[in-house]
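Peer 1: Build me a model from this:
(3 chains)
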Amino acid sequence: MAELQMLDPNEHAVSGRYRLWWRFSRNASAVAGSVIILSVVILAVFAPWLTPHPKDAGMVVDFLHRHQPPSAEHWFGTDKVGRDIFSRTVFGLRISLLLVVGVLGISVPSGAVLGLCAGYFGGWTERIIGGLTNIMLAMPPLVMALAISNLLEPNLFNAMLSITILWWTWHARLVYNVSKSIATEDYVEAARLSGAGPAHILFREILPNCVPVISVKTTLDAAFVILFGATLSFLGFGVQPPTPDLGTMVADARQYLPEYWWEVVCPGAAILYVTLGFNLLGDGLRDMFDVGS
Amino acid sequence: MHDQPTTAIFYRLGSFALVMLGLAVTIFVLARVVPGDPARLALGPAATAEQVNALRHEMGLDQPLVVQFFSYVGRAIRGDFGYSLVSQRPVIVDLKETVPATLELVITSVVFMFIVAVPLGVVTARYRGRWIDLVGRILSLTGVTIPSFLFAITLQLVFARLFPSFPILGRLDHGLGFSSGPTGFLLIDGTLAGRFDVVADALKHLALPAFALAMAGIGQITRITRSAMLENQRKDHVLTLRSFGVPERVIVFRYLLKLSAIAPLTIMGLEFASLIGNAFVVEMIFSWGGFASYGLNAILQKDLNAVIAVVLVSGLFFVAANLVVDILITLIDPRLRHRGSR
Amino acid sequence: MAAALLDVQGLDVFFTTYGRKRQVLRDVGFSIAPSERVALIGETGSGKSVTAKAIIGTLPNNATIDGGRIALEGEDVLSLSRDRREALKGTAFSLIMQDPLSSFNPVFRIGTHLDDVMRFADRRNGIRNGKAARRKRIAEVLRRVQLSEPERVMNAWPSELSGGMRQRVLIGLALLHRPRLLIADEPGTALDVTTQDEILNLVNRLVEEEGMALLLITHNLGVVRKAADRVVVMHHGDIVETGPTERIMKEPAAAYTLSLLDAVPALFGPKVTDQPESRGVPIVTIRNLDKLYGRRQHRFHAVKNVSFDLRKGEIFGLAGESGSGKTSVARMVMGLTPPSAGTIEIDGKAAGDRRATQIVYQNPGTSLNPRRSVEQTLTLPLASIGMRGAARSARLDELMQLVRLPRSYLGKYPHELSGGQKQRVAIARALAAEPRILILDEPTAALDVSVQKTIIDLLLQLRDELGLTYLIISHDLSLMRNFCSRIAIMLRGEIVEEGRPAELFAEPEHPYTRALISAIPVVSDDEEHLKPKVTETERQRFLVAATQ
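Peer 2: Below is the predicted model of the structure:
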């Protein structure tokens, strides 16, 4: 039993959870990102109670107060029909988060499962999933999303659908690369020799080891999805009026530049704020988990 | 041993052909099945059933989908993408006019990306934690957090205010009286014609849209170059050179740079598709009149022949870009040259 | 000792991880005279590598030197400016890197590395030389490290050279500017035993010819006896003992040194253990086994016509160097890869019965899933044989007792365990479903020598308690000498010799067996004399086969 005492007490006294917390709390980027995202989530969830003019999220018209600059009453000013831009921006964030949850909630799990299967089973599974992924990656995402959502009918659901159809490939590819290398690890073979079935090996042995990479990618992706959705609606293919959407708001206000600058700047800054949050958190998580590019 | 690199290239070419075929199937099925009857779309609601049927027959729509597909592919390979419903001209003619403009923009912005992002990634990794790293990180965060339409609009506004004479729309000043020459690339045609005023003006016009388009990539590539550099810095071979007193600048700018170029090149290839997507937005804002504007218009008008052609050509760009990336990476990494055809 | 080439005094080094500072070197002091060969020996975490890094100046960023002095030829290097310190590299001292695989940048030719190292060392020393002159000098040095075609080596990519060749280039790199002190960090450890022996001979000869001093960092006592005049023994950041090699090997003063020496399995002499021969019936019968990998011109014949019996209760060893085919045989017995030809019968039935055989892997760091607790790891095989509830819980207790681990360890994750403890968990997992045959794939190769001994003892006890049969594959002949009841030596896919260890080691018949045994570093002169004699041509013959 000599080796039990030979353990270096300092080396192993630190639990995994403590290590992660330690790294998180020292990681300015991760902390700042989390604070931003938390604030956005709170604003979005409680939008009807936190905004001064929740009714302005709809089809309200108040021509008397159109194009008003930012003031105590209207923090971000008012738009071309006199609606409160701050309220609309907060409701716009709500749409953005909904898009993120909808797109990533479907494409990340499905991409991960396909990637896992391709990486572990190899052979024809690998070839078919790999081929499919390669084809999808060759499609310019914005062009395809535009085409799909316009051929169907431009609205939030179809925008979400068209982004989701394209998005899973990135996760499939990522998880495939990781799981392919993990699949050759001794512990996977040992599990197989212990009588574990494919489901156990995929989801209990391999998947947990992919979690760091997936979570970093998913966080960074959230920012991309928001940008993507905003671009779609900027071009008029996403969320349709009067639903407040950040991209649509920028597109609508563009013609009034530069006089009524706040109508572009405020929703624009909101996009920046939320994407910055996800990017900071993603960068921070990458440092914490020490996963490469 | 000597035939292995060529085998590898042929293998890649084969897989790219498959990717193109798969892309063709997807978009073809999408365009034929989703929107309903293309003949009805083309003729509008006022047309009679006979007229629609006649057009259906003319377009071959009454044949099985598989037959339609293969005859389409057969024609597309020869450059025949059918007629555009909007411009009433063969799609290929429209493409010939618009593709060079987009290529000029995209290539300039890729060059821009690498010139800015790779050195920035290297320097930020080299001086990790110092002020230059902070500047680099802010710049790369700006790139990945600001949507390109917002960036493009901001650039336009700022330049319109500060330098009213700087062009913020179009490809060339009409006052120069120059229309594009044999290649369609203004920079090349201008040079060929000896019109250096044209080249200078074209460059001026290119600057803002190329920068706006490059911004997202600059953010990504800086980030990836930086993390590849940091990762490679921990490798044993760096320790070897360090312990024999090879100066840090040689280790960083010679040994690490070449090794760390592989990651951003790979990402560049993959991100090429989204670069083309962003070109749609940037071209629209800068009234560029390129292939992306053409595509956007085709999608808006449900001009199906043009839509299919636009998607296929975009895919071709992607495939070509990845082939170039593959060749570059193979040139960098000797291990890939000896790995054989697998 | 004013004439000391290197003098280290009261060195204290701390590492800061997760905000906690811990001492990794405590008052380390020793010195090296010109032309003296000193070995720094210790196990994982002893601080031997940290000491070397402190001397060279390549400590990681989270390390701090809080006290002490490192003097090179009377000059304290810790107080030198960065530039002055850089200037010492290559000329005052040189380092032979440990891992020949990753020590070169894969996208640059070998010659580029050498040329850059030489160019900047020249520049620091005010030597002006053209590229051609440098190339000539590099070729000379490469010839000195017995690379007969220097031009070819210089033009090669790192991935095109064998491990032995890369290790030679690394030695050449260290010699470029005739340093006065050569620092060798585990030279050749990652290589096969015959190649390692060759590398050690080379280092020894060069040190003698050039009149250099040598600081050898190693965990292998046999290597120390062969290549050092004096030994510094380190343990947990302390120096426990210093003295001439001869004295330390014969009569160590510190208890730790003694335990270290005791843990080294003996090759010859009275300390050797003979395992009794098994009289049991054959439990595994292997006949005319063949394995081919790849297709057409890339075809590789990994196993050729291998036949042997595994008798009940015995410990059968398959010994050989990398590429000998021993792992392929083990994988075929496990049913992990199908044989290309031949038969494997376990208890008269064709192989593939998962319940009968289990495997213990070489590296417990990679054979345990880092995200699964000990309990989860051990439950898996139990669940798959349908054991649950109280029975399963009782079996978990039993397994932990079998491998001598406290029950509380069930909740721990691999990173909270030491190497030896991890290997115990791996053994418990292999035993969980009550197999009759255990395949041991280099079960101690990744462990420190003192831990190795405890694992081997545990395996021997388990065999007696549970009536197991072992098939062990290893390159470590001194381990197998004491552990196996029968050994087969494999070379290039074939079994070249088979027999009881006592006979095989006393009178090896095949020249390869002789070469292999004679290359093993041993800890006493008596054992050295008992090694079989090998002619130079024989040695070279097998060396080439193993390094190409």
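Peer 1: Check the residue of chain C found nearest chain A and give its pLDDT.
Peer 2: As assessed by CB to the nearest CB, chain A sits closest to residue C:384 within chain C, at 2.8 Å. C-betas here are computed from N, CA, C, even on glycine. Residue C:384 carries a pLDDT value of 87.
Peer 1: was I right about it contacting residue C:433?
Peer 2: Yes - at 7.2 Å, residue C:384 and residue C:433 qualify as touching, with contact defined as CB atoms under 8 Å.
Peer 1: Need the overlap of contacts for these two.
Peer 2: Residues touching both residue C:384 and residue C:433 (CB atoms under 8 Å, 6 or more residues apart in numbering or on different chains) are A:194, A:195.
Peer 1: Find the centremost residue of the chain, please.
Peer 2: I went with chain A, as the question did not name one. Nearest to the geometric centre of chain A sits residue A:222, at 1.2 Å (CA atoms, centre = their mean).
Peer 1: oops, I was thinking of chain C
Peer 2: Central residue of chain C (CA atoms, centre = their mean): residue C:189, at 4.8 Å.
Peer 1: What residues does that residue make contact with?
Peer 2: Residues near residue C:189 by CB under 8 Å, 6+ apart: C:98, C:196, C:218, C:219, C:220.
Peer 1: Kindly report the same for residue A:57.
Peer 2: A:47, A:51, A:87, A:88, A:91, A:242, A:243, A:244.
Peer 1: Out of the residues you listed, which comes closest to chain C?
Peer 2: When those are compared against chain C (criterion: CB to the nearest CB), the nearest one is residue A:47, at 38.3 Å.
Peer 1: The closest residue to that closest one other than its chain neighbours: which element?
Peer 2: In this structure, residue A:47 finds its nearest non-sequential neighbour in residue A:90, 4.9 Å apart by CB to CB, 6 or more residues apart in numbering or on different chains. Residue A:90 is part of helix A:85-121 when elements are defined by DSSP states H and E.
Peer 1: helices or strands up against that helix?
Peer 2: Where contact means 3 or more CB pairs under 8 Å, 6 or more residues apart in numbering or on different chains; DSSP states H and E, helix A:85-121 is packed against helix A:28-45, helix A:47-50, helix A:123-137, helix A:156-183, helix A:207-234, helix A:246-253, helix A:262-289.
Peer 1: of all of chain A, which residue lies closest to chain B?
Peer 2: residue A:142 (2.8 Å).
Peer 1: Pop out the phi and psi values for residue 21.
Peer 2: Picking chain A for this. The phi and psi values for residue A:21, taken as degrees, to the nearest 10, are phi -60, psi -40.
Peer 1: hm, I was asking about chain C
Peer 2: Dihedral angles of residue C:21 (phi, psi; degrees, to the nearest 10) stand at phi -100, psi 130.
Peer 1: ok, now which ones touch the nearest residue to it once chain neighbours are set aside?
Peer 2: Distances taken as CB to CB, 6+ apart put residue C:14 closest to residue C:21, at 5.2 Å, once the chain neighbours are dropped. Shown here is residue C:14, whose contacts under the criterion CB under 8 Å, 6+ apart are C:21, C:22, C:23, C:24, C:63, C:64, C:66.
Peer 1: Need the three-state assignment for the last one.
Peer 2: Put plainly, it is residue C:66. Three-state call for residue C:66 (DSSP: H, G, I helix; E, B strand; the rest coil): strand.
Peer 1: Which helix or strand in chain B has the lowest average pLDDT?
Peer 2: The helix or strand of chain B with the lowest confidence, counting by mean pLDDT, DSSP states H and E, is helix B:38-43 at a mean of 70.
Peer 1: before we move on, what about chain A?
Peer 2: Between all helices and strands in chain A, the lowest mean by mean pLDDT, DSSP H and E belongs to helix A:2-6, at a mean of 36.
Peer 1: Quickly find the element holding residue B:101.
Peer 2: Mapping residue B:101 onto the secondary structure by DSSP H and E places it in helix B:91-126.
Peer 1: Who are the packing partners of that helix?
Peer 2: helix B:131-145, helix B:196-233, helix B:257-260, helix B:262-285, helix B:291-300, helix B:304-332.
Peer 1: Looking at those helices, spot the one closest to residue C:444.
Peer 2: helix B:196-233 (32.0 Å; CB to CB).
Peer 1: How much space separates the nearest residue to residue A:175 once chain neighbours are set aside from residue A:130?
Peer 2: Closest residue in space to residue A:175, ignoring its immediate chain neighbours: residue A:115 at 3.0 Å, by CB to CB, 6+ apart. Distance of residue A:115 to residue A:130, computed by CB to CB, to the nearest Å: 10 Å.
Peer 1: how close does residue B:14 sit to chain A?
Peer 2: Distance from residue B:14 to chain A, counting by CB to the nearest CB, to the nearest Å: 12 Å.
Peer 1: Give the buried residues for the helix or strand hosting that residue.
Peer 2: For residue B:14, the host element (DSSP H and E) is helix B:4-33. Judged by neighbour count (16 or more other CB atoms under 10 Å in any protein chain shown), helix B:4-33 contains these buried residues: B:5, B:8, B:12, B:16, B:19-20, B:22-24, B:26-28, B:30-32.
Peer 1: what angle sits between that helix and helix B:304-332?
Peer 2: 160 degrees (axes from the mean of the first three to the mean of the last three CA atoms, to 10 degrees).
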